[in-house]
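Peer 1: Requesting a structural model of the entry that follows:
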Amino acid sequence: MSPDRVPALRDLERLARDVLDHADCALQYLAFAVVAVSNAFWRPRFASIPFHRRLLLLPHCMRNSALCRGEYDGGRFDCAGCDSCDLNPLIVEARQLGYHVLTAEGAPPLLAVLRSGTCDAALGVACLDSLEHTFRHVSATGIPALAIPLLFDGCVNTQAEADVIRDLLTLTGSRRAAPLPNFLPLWRAVDGLFREPAFSKLLADSGAGADPAASDPTEKLAIEWLRESGKRIRPFMTLGAYAALRSTGGPKGSASPSPYADAMFGTAVQRFAVAMEALHKASLAHDDIADNDAFRYGRPTLHREFDIPTALNAGDHLIGMGYRLVLSARAEVGPETANTFLTHLAETHQALCRGQGQELGLTGPDAPPPRPLDILTVYARKTAAAFAVSLEAGAAASGFGDVYYSLFRRFARALGVAYQIQNDLDDWRDSRHNKRVAGQDALRQCPTILRAFAVEQAGVEREAEILDGLGADNCLSAVDRLRAFYRDSGAFARAESLQAKLTMQAAELAGQVSHPRLRSFLEFLVELLFPGSPAD
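Peer 2: Just a heads-up that it's a prediction; the model follows:
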């Protein structure tokens, strides 16, 4: 394992197996050993970061549920300081040292803090499952991150070794380690596009929107929805592709040891990046109506908070805003480049609508049973196409668009379809952060790859038997039976296998890129979306 790069999961697992073998311990402790090996790698770098630039992440499940007087606010837990559990003493001690403290669940709030630029290291306490999903994303950014597993799972009244937490809280080092190549500056640049006053100025200068404080109700709602944080993967792709191609002056340049730390983003690529997010947020507003989803970003969806006509109108406004942003950059990128990219963008928009139409035709009890090929086509037309055009946007702004369009489409097809399959699998995991309830897509008979695999193997009649006579009182029972149906038919296993195959394909395509920094960025995208993937 090289000390000069972020360790891959497989490297951590290999070393962890060696540790267990040397200590004559069973493989059931592999997850704990992986955490220990990872901590050993990051410990000196974490120790070199000043206290006031560190973040402590605590799980709210450590609270005493019977005595706790704390409250939840937007997915975060606000400790009342009642000292009924270990949370308040740890929070007080960390803040006295100068730490930023966050009591929340999952990767999104943690990454939001790290991306804000206020912290350069993280110490997290969580169950092994949460550490697996959360801290892989954190370490992939190159941020020094130490993890402490809870003593037991269960999500209620959990405990951690407070003395171990305190030892790591006060950890210091005399020598500041050289930073590893990382993409955190790029994330922070993306988030900066949506912060004031830069955001309003960008919209006003492009003619895409006025000052939000002075805009009409439709524009105010559209802008508010656009600024909802989310993952912002698409503008990240745009800025990343641009920076990779511009950083060395062309496709045959050499890589820098500190990617994106000194990247400069011109007006054109900023407008392209915000345009990608505007078009994405428009599609989400419309998709939520079609799927009758209740929550998005931990808040009611637009059509639930307002009404369907208002949500449709806000989405349509964002579509116009996206195209206006792209058009406003034509003087900087040149009319030919702008026209070529607009053609690709319009084709992508039409493909998304065709994919959505195909999905609607496969939705509901009266629709024909979905075939796996039908579902994969929908995913390619929607998610994969959006990923491709986001990368193309960065390439177009860099001046090297035509060179990489074909590559981006092949890479994004594998990455985007794998990403959507992961979303299908995630639908079976409850998420308090996003107010998601497991199994809802299956209950609504949405056309997912899991459903296609299940009915192909076991027949749509078996699914109908499970859903027959479904009422509000037996919803949970139906979810359990559908879960068993998907499991017994092999749908979960087939989906996981297909996702792994597509992820490997995306990693291989990234590894074949001759441009060193672009190759590094595409490999990072694979690792970002699928922590522990085969990308180096």
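Peer 1: quick one: the strands in this structure?
Peer 2: Using DSSP state E, the strands of the chain run over 54-58, 71-73, 76-78, 100-103, 121-126, 145-149, 295-296, 299-300.
Peer 1: Extract the CA atoms of stretch 302-312 and return them as CSV.
Peer 2: Provided in CSV are the C-alpha atoms of stretch 302-312 (Å, rounded to 0.1, in the frame of the first residue of the first chain):
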residue,chain,number,x,y,z
LEU,A,302,-42.4,20.1,-4.9
HIS,A,303,-45.7,18.7,-6.0
ARG,A,304,-46.5,17.6,-2.4
GLU,A,305,-45.4,20.9,-0.8
PHE,A,306,-47.2,23.0,-3.4
ASP,A,307,-49.2,21.2,-6.2
ILE,A,308,-48.6,19.4,-9.5
PRO,A,309,-49.1,22.4,-11.8
THR,A,310,-46.6,24.5,-9.7
ALA,A,311,-44.0,21.7,-9.7
LEU,A,312,-44.4,21.2,-13.4
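Peer 1: mind listing what's buried in that stretch?
Peer 2: Neighbour counts over stretch 302-312 (16 or more other C-beta atoms under 10 Å) mark 302-304, 310-312 as buried. In this view, the C-beta of every residue, glycine as well, is placed from N, C-alpha and C.
Peer 1: before we move on, what about stretch 290-301?
Peer 2: In stretch 290-301, counting by 16+ other C-beta under 10 Å, buried: 291, 293, 295-298, 301.
Peer 1: can you check stretch 518-525 too?
Peer 2: Neighbour-count burial for stretch 518-525 flags 518-525 (criterion: 16+ other C-beta under 10 Å).
Peer 1: His351 against Thr383, yeah?
Peer 2: Slight slip there: residue 351 is Ala, not His. No: between Ala351 and Thr383 there is no contact under C-beta atoms under 8 Å: 10.8 Å.
Peer 1: Those two: which has the busier surroundings?
Peer 2: Neighbours per residue (other C-beta atoms under 10 Å) separate Ala351 from Thr383, with Thr383 holding more: 23 against 18.
Peer 1: Would you confirm that that one contacts Ala414?
Peer 2: No: Thr383 is beyond contact range of Ala414, at 11.3 Å (criterion: C-beta under 8 Å).
Peer 1: mind listing the helices for the stretch 201-350 of the chain?
Peer 2: Taking DSSP state H, counting those that start in this stretch as the test, the helices found in the stretch 201-350 of the chain are 217-227, 233-247, 267-291, 302-305, 308-327, 330-333, 335-361.
Peer 1: again with the stretch 1-150 of the chain
Peer 2: Using DSSP H, counting those that start in this stretch, the helices of the stretch 1-150 of the chain run over residues 9-22, 30-47, 87-97, 107-115, 128-140.
Peer 1: any idea of the mean pLDDT for the second one?
Peer 2: Model confidence over helix 30-47 averages 88 on the pLDDT scale.
Peer 1: among the buried residues of stretch 518-525, which are in helices?
Peer 2: Judged by DSSP state H, helices contain the following of the buried residues of stretch 518-525: 518-525.
Peer 1: picking that back up, which of the buried residues of stretch 302-312 sit farthest apart?
Peer 2: Maximum pairwise distance in those, criterion C-beta to C-beta, is 13.3 Å, between Arg304 and Leu312.
Peer 1: Count the neighbours of Leu186 for me.
Peer 2: The number of residues packed near Leu186 is 23, by other C-beta under 10 Å.
Peer 1: I'd guessed it sits against Pro235; true?
Peer 2: No: contact between Leu186 and Pro235 fails when scored by C-beta under 8 Å: they sit 10.1 Å apart.
Peer 1: Residue nearest the middle of this protein, spatially speaking?
Peer 2: For the chain, the residue sitting closest to the mean C-alpha position, by C-alpha atoms, centre = their mean, is Lys231 at 4.7 Å.
Peer 1: Any chance of the backbone angles for that residue?
Peer 2: phi -90, psi -30 (degrees, to the nearest 10).
Peer 1: Could you report the pLDDT at it?
Peer 2: Among the per-residue scores, Lys231 shows a pLDDT of 83.
Peer 1: and it, how far is that from Thr301?
Peer 2: Noted for Lys231: a distance of 17 Å to Thr301, by C-beta to C-beta, to the nearest Å.
Peer 1: for Ala464, same thing?
Peer 2: Using C-beta to C-beta, we find Ala464 at a distance of 29 Å from Thr301.
Peer 1: With Val378 instead?
Peer 2: Noted for Val378: a distance of 21 Å to Thr301, by C-beta to C-beta.
Peer 1: hang on, Gly361 packs against Ala367?
Peer 2: Yes: between Gly361 and Ala367 there is a contact under C-beta under 8 Å: 6.4 Å.
Peer 1: which neighbours do Leu186 and Pro235 share?
Peer 2: Overlap of the contact sets of Leu186 and Pro235 (by C-beta atoms under 8 Å, 6 or more residues apart in numbering) is empty.
Peer 1: which stretches of the stretch 51-200 of the chain have low pLDDT?
Peer 2: By pLDDT under 70, the weakly predicted segments of the stretch 51-200 of the chain are 70-77, 80, 105-109, 130, 132-141, 153-155, 157, 174-181.
Peer 1: Quick one: neighbours of Gly394, just the number.
Peer 2: 31.
Peer 1: what does Ala47 give?
Peer 2: Ala47 has 19 nearby residues by other C-beta under 10 Å.
Peer 1: The nearest residue in space to it that is not next to it in sequence - how many residues pack around it?
Peer 2: In space, Ala47 comes closest to Gly173 once its chain neighbours are excluded; the distance is 3.3 Å by C-beta to C-beta, 6 or more residues apart in numbering. Counted by other C-beta under 10 Å, the residues lying close to Gly173 total 13.
Peer 1: same question, Arg487
Peer 2: Arg487: 13 surrounding residues under other C-beta under 10 Å.
Peer 1: picking that back up, ok, which of the helices of the stretch 1-150 of the chain comes nearest Gly320?
Peer 2: Taking C-beta to C-beta, helix 107-115 is the member of the helices of the stretch 1-150 of the chain nearest to Gly320, at 28.4 Å.
Peer 1: leaving aside the residues next to it on the chain, what's closest to Ala285?
Peer 2: Closest residue to Ala285 apart from its sequence neighbours, by C-beta to C-beta, 6+ apart: Gly315 at 3.7 Å.
Peer 1: does the residue nearest to Ala47 really touch Pro44, like I thought?
Peer 2: Yes: applying C-beta under 8 Å, one finds Gly173 in contact with Pro44, separated by 5.8 Å.
Peer 1: So what's the residue count around the residue lying closest to Leu67 once chain neighbours are set aside?
Peer 2: Excluding the flanking residues, the one nearest Leu67 by C-beta to C-beta, 6+ apart is Ser84, at 3.8 Å. Ser84 has 16 neighbouring residues, counting by other C-beta under 10 Å.
Peer 1: Perfect, I'm done here.
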